[in-house]
Each structure stands twice: as C-alpha cells, then as structure tokens.
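>>> Next come a sequence and a model predicted from it.
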Amino acid sequence: MTLRLTEAEQAALRAQAEAEDISMQEAARRAIREYVARRAHQERVGAAAELITDAHADALERLGR
C-alpha cells in the first residue's frame, strides 16, 4: 500500500513522529488504529443511544411536552 500525503500532512506526521521518537510509519499506523477505534466507539454509542431512545420513547415523549 502506498499512502500519498500532502506536504502539510507529511510535515505534521514527521513532526509528530519526531516528538514521540518513533518512525513516521509507526506514527501513521498508530493514527490509523486510533481512528478506527474512535469510529467503532462512535458506532457503538450511536447504537446504544438508539436502543435507549426506542426503549424509553414514551417517557421521552412525555418529557418533551
């Protein structure tokens, strides 16, 4: 896989990698893992909110009056 970055993205990645004393590749891999984990968490929270909203729809309706 080849990852093409803008000059600004590459500079930011390089600066972060240097700050953490890791390679640019490792910094990119960590960022990808964090992004994937954050998106998965957002999906789980959304699904849980939908379940709660459905389960308590009557109460929520009464509160909204």
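Thanks, I have the structure now. Numbers count the residues shown, from 1 in each chain.

>>> mind checking which helix or strand of the protein has the lowest mean pLDDT?
Ranked by mean pLDDT, DSSP states H and E, the weakest helix or strand in the chain is helix 57-63, scoring a mean of 90.

>>> Let me see the mean pLDDT of the longest helix anywhere in the chain.
Ranked by residue count, the top helix of the chain under DSSP state H comes out as helix 24-55. Over the span of helix 24-55, the pLDDT mean works out to 96.

>>> next one: stretch 7-16
98.

>>> what does it rub up against?
5, 24, 27-28, 31 (CB atoms under 8 Å, 6 or more residues apart in numbering). In this view, the C-beta of every residue, glycine as well, is placed from N, C-alpha and C.

>>> buried ones in that stretch?
For stretch 7-16, a neighbour-count test (16 or more other CB atoms under 10 Å) marks Leu13 as buried.

>>> just stretch 28-35 next, same as before
In stretch 28-35, counting by 16+ other CB under 10 Å, buried: Ala28.

>>> Contacts for that stretch next, please.
By CB under 8 Å, 6+ apart, stretch 28-35 touches 3, 13, 22.
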